[in-house]
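Enquirer: I need the structure of the sequence given here:
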Amino acid sequence: MTEPQRDKIASIAVIGSASVHTWRFLRGIAPHVEKVYLACNGEAPADVAALLAGSLRVDFRLAALGTVARLRAWLRETRPRLLHIHQANSVAWHGSRAAASLDLPTVLTAWGSDVLLLPERNRLMRAMVRANLLAADAITSDSLHMAAKIRELAGEGCRIRLLNYGIDALPASAASAGKGRTVLSCRLHKPLYRIDAILRAWQRVERSGRFGDWRLSVAASGSETEALKRLAAELGLSRVDFAGFVDSATLGRMYAESRVFVSVPRSDATSISLLEAMGHGCLPLLSNLPANGEWVIDGLNGVIAEDVGRLGEELLRAMELAGDNTRLDEVAALNRRLVADKGLHQVNMAGFAQLYRELLNPDH
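Expert: Sure, this is the predicted structure:
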């Protein structure tokens, strides 16, 4: 059921980078808003562009000196009721300064690396992120850990709402009976995600003499794809399939067929791929990050690898648990309830809309 027309927010402006996350947010928030304007550094997909009342192409690089003036003029022309900026990096640096003199309620959504990693680069980046956070009337975070980091950077006075982009819906079934003997990795092939560590862990599995009928499926792609394929050959791996980039329907089938989902990035907030895997009944094997600990308790509804250097042993432990249909069904039932309670797209989008209303009507 869509939101009644009278409940819709009149208009918002969104400032965000050209990203699947921005597109997904826009698709989700559009039913709650009469008019959505977008300032972006790229072209929106056709279905997203059709939702927009107007758009502006801008350069978000810090060196783009004219961006603030262009954004300010655009905001004066479109006259949105509220501004929503995505990422507390250079996007917010331009967007916040453009809105500074316009008396425009502003929401800032942190994505993860902008708050967790960027401030650690140097003092200037830390000061920029802090200024961006302080300029917002409300900040959204998808994890308690990131919320704590935001308060560390910007002080206790921040207004923070815990919201994530969630998954579209829970699959009808996540029964173990329909699953093969597969471990799935589907994070991007970039250094942050340590896919090389997963391949080295899989070598430990192949050499163990156990789980001889299991395979590792490595989906997605990225700057390290060819190097990862070479590493798999150098390690002598014989039961690894590189699936490449797959569409959402294909990825859904891969989750449904897999027993273990492995994701061991160096840094992360709430990962949509984790929520998808939990919803499909996969047992998660994750790196020891605070945001992961908000979803998975080691040994209860997944496995946390305290030392990625010993990921092979943890992978064997996860496969042992996931190979037991009764145990895997118990894990799936718990994880699906967690996702239903906290990780569904429409519920979280309604939460963003409610935050807008609170900012626009502070006395109600």
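Enquirer: quick one, longest helix in this protein?
Expert: helix 325-342 (DSSP state H).
Enquirer: and that one, what does it pack against?
Expert: helix 272-279, strand 283-287, helix 311-322 (3 or more CB pairs under 8 Å, 6 or more residues apart in numbering; DSSP states H and E). In this view, the C-beta of every residue, glycine as well, is placed from N, C-alpha and C.
Enquirer: next, format these as JSON lines and append mean pLDDT.
Expert: Putting the helices and strands packed on helix 325-342 into JSON lines (pLDDT from 0 to 100) gives the following:
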{"stretch": "helix 272-279", "mean pLDDT": "96"}
{"stretch": "strand 283-287", "mean pLDDT": "98"}
{"stretch": "helix 311-322", "mean pLDDT": "98"}
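Enquirer: and the ones you listed, which is most packed in?
Expert: Looking across the helices and strands packed on helix 325-342 with neighbours counted as mean count of other CB atoms under 10 Å, the highest average goes to strand 283-287: a mean of 26.
Enquirer: got the CA coordinates for it in PDB?
Expert: Extracted C-alpha coordinates of strand 283-287, given in PDB (Å, rounded to 0.1, in the frame of the first residue of the first chain):
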ATOM      1  CA  LEU A 283      25.200 -18.800   7.600                       C
ATOM      2  CA  PRO A 284      27.400 -15.600   7.700                       C
ATOM      3  CA  LEU A 285      31.200 -15.800   8.200                       C
ATOM      4  CA  LEU A 286      32.300 -12.300   8.900                       C
ATOM      5  CA  SER A 287      35.300 -10.300   9.900                       C
END
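Enquirer: could you pull out the helices for the stretch 1-150 of the chain?
Expert: Here the stretch 1-150 of the chain has its helices, by DSSP state H, counting those that start in this stretch, at 20-29, 46-49, 67-78, 90-99, 113-116, 123-135, 144-154.
Enquirer: let me know the pLDDT of the residue nearest to the spatial centre of the chain.
Expert: The residue lying closest to the centre of the chain (CA atoms, centre = their mean) is Ser271, at 4.2 Å. Reported pLDDT at Ser271 in the predicted model: 91.
Enquirer: now do the same contact list for it.
Expert: Arg187, Ser263, Ala291 (CB atoms under 8 Å, 6 or more residues apart in numbering).
Enquirer: against Leu321, how distant is it?
Expert: Ser271 is 20 Å from Leu321, where distance means CB to CB, to the nearest Å.
Enquirer: leaving out the residues flanking it, which one is nearest to Leu188?
Expert: Using CB to CB, 6 or more residues apart in numbering and skipping residues adjacent in sequence, the residue nearest Leu188 is Gly222, 4.5 Å away.
Enquirer: just give the nearest non-adjacent residue to Val339, would you?
Expert: Nearest one to Val339, counting by CB to CB, 6+ apart, is Gly279 at 4.8 Å.
Enquirer: can you check Ser258 too?
Expert: That would be Leu184: by CB to CB, 6+ apart, it lies 3.9 Å from Ser258.
Enquirer: can you show me the helices along the stretch 151-300 of the chain?
Expert: 195-208, 225-234, 248-257, 272-279, 290-293.
Enquirer: buried set for the second one?
Expert: In other words, helix 225-234. Of the residues in helix 225-234, Thr225, Leu228, Leu231, Ala232 count as buried by neighbour count, 16 or more other CB atoms under 10 Å.
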